[in-house]
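K.L.:
Got a sequence here, can you model it:
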Amino acid sequence: MLYCRSGVPQVLDWLEQTVKEQHRAGCCTIPLTELCNLSARVQPPAPPPQAPCAAADWQTGAGRTSQSLFIAGHPLTHIHRSAQPDARTHTRMQLTDMGDLQIIVGEDKEARILQYSQREGINKLISKSLEAKEFAYCPYSKFRVGAALLAHDGTIFTGCNVENACYNLGVCAERNAISKAVSEGYRTFKAIAIASDLHEQFISPCGGCRQFMREFGSHWEVFLSKPDGSYVEMTVDELLPVSFGPEDLKKKKLFTIQNGF
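P.N.:
This is a model prediction of the structure:
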């Protein structure tokens, strides 16, 4: 990854040199003749005379624009720069699934901080689910499960599985956490993390818990974890596709029961 303050022409010089080195190393399939004068093939539009930013900062107002350019016969798309011309940015090159060459310029510092903050939040939620697992009451199955539920205002509710000698009266960790939150007035949730003692696979909620989560929305996140803290991220809708929820009860029906029928 290259960190730079330079404009697109300098980036393209670097790109041309990099591709040529790959060609010499035998790992580039594009003919060398197509790589000549790489920078000369790109003609970025000149900024308005009064614009204080460099010509490489192709943007209007607070928005950002993408240019339809070509490099060695490949469409160049998705050029993004930081909203601040002097912000520290990085440049990366990638090929799309369609084989188009992309240069991504300018993931700003604020975006990286946000991504870091989100990862920290996920790790905290998983840590809380692992802690909740320690309180599991499972004398019959010996299968401990913990859950940590994130409400819309940032409050975290935890729950563990609680078994019963009358087996069907046992309650799962996910339902315990959600019931605890609902009993305190919460109805909107952002995410739930689930933990168990399984080392070889990620824990997955049972069908009943999936429907229980679906009651409060289908698009919030579910993190299925392992004891080492690794996880996979899904949504309720992915766990329970083509689902039935409270909104379905409000839809128009072909047959309705009349009063007194």
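K.L.:
Please make it C-alpha for all contacts and neighbour counts, starting now.
P.N.:
Fine.
K.L.:
quick one, helices of the chain?
P.N.:
For the chain, the helices defined by DSSP state H cover 8-24, 109-133, 173-183, 207-214, 236-239.
K.L.:
What average pLDDT does the longest one get?
P.N.:
The reference is to helix 109-133. In this model, helix 109-133 has an average pLDDT of 83.
K.L.:
Kindly report the same for stretch 177-186.
P.N.:
98.
K.L.:
neighbouring contacts of it?
P.N.:
With contact meaning Cα atoms under 8 Å, 6 or more residues apart in numbering, stretch 177-186 is reached by 147-149, 151, 157-160, 187, 213.
K.L.:
any weak-confidence spans in the protein?
P.N.:
Within the chain, the ranges that satisfy pLDDT under 70 run 1-16, 18-19, 22-23, 25-116, 256-261.
K.L.:
how is it carved up into domains?
P.N.:
Taking automatic domain parsing as the reference, the chain has its domains at 2-107, 112-242.
K.L.:
List buried residues within the contacts of stretch 177-186.
P.N.:
Among the contacts of stretch 177-186, the ones that count as buried by 16 or more other Cα atoms under 10 Å are 147-149, 151, 157-160, 213.
K.L.:
Kindly indicate which of those residues lies nearest Ala136.
P.N.:
Minimum distance to Ala136 across the buried ones among the contacts of stretch 177-186 is 5.0 Å, recorded for Cys160 (Cα to Cα).
K.L.:
Strands - which of the buried ones among the contacts of stretch 177-186 land there?
P.N.:
Counted as lying in strands by DSSP state E, out of the buried ones among the contacts of stretch 177-186, are 147-149, 151, 157-160.
K.L.:
Next, format these as TSV and append distance to Lys250.
P.N.:
Converted to TSV, these look like this (distance: Cα to Cα, whole Å):
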residue	distance to Lys250
Ala147	31
Ala148	31
Leu149	27
Ala151	25
Phe157	30
Thr158	32
Gly159	31
Cys160	33
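K.L.:
These: which two are farthest apart?
P.N.:
Of all pairs in those, the most separated under Cα to Cα is Ala151 and Cys160 at 17.2 Å.
K.L.:
can you pull the contacts of Tyr240?
P.N.:
To be clear, residue 240 is Leu; Tyr isn't right here. Leu240 touches 210-211, 214, counting by Cα under 8 Å, 6+ apart.
K.L.:
With Pro246 instead?
P.N.:
By Cα under 8 Å, 6+ apart, the residues touching Pro246 are Glu215.
K.L.:
could you measure it against Glu215, distance?
P.N.:
Distance, Pro246 to Glu215, using Cα to Cα, to the nearest Å: 6 Å.
K.L.:
How about Glu238?
P.N.:
Relative to Glu215, and taking Cα to Cα, Glu238 is found at 14 Å.
K.L.:
again, but for Cys138
P.N.:
The value you get for Cys138 to Glu215, if Cα to Cα is used, is 26 Å.
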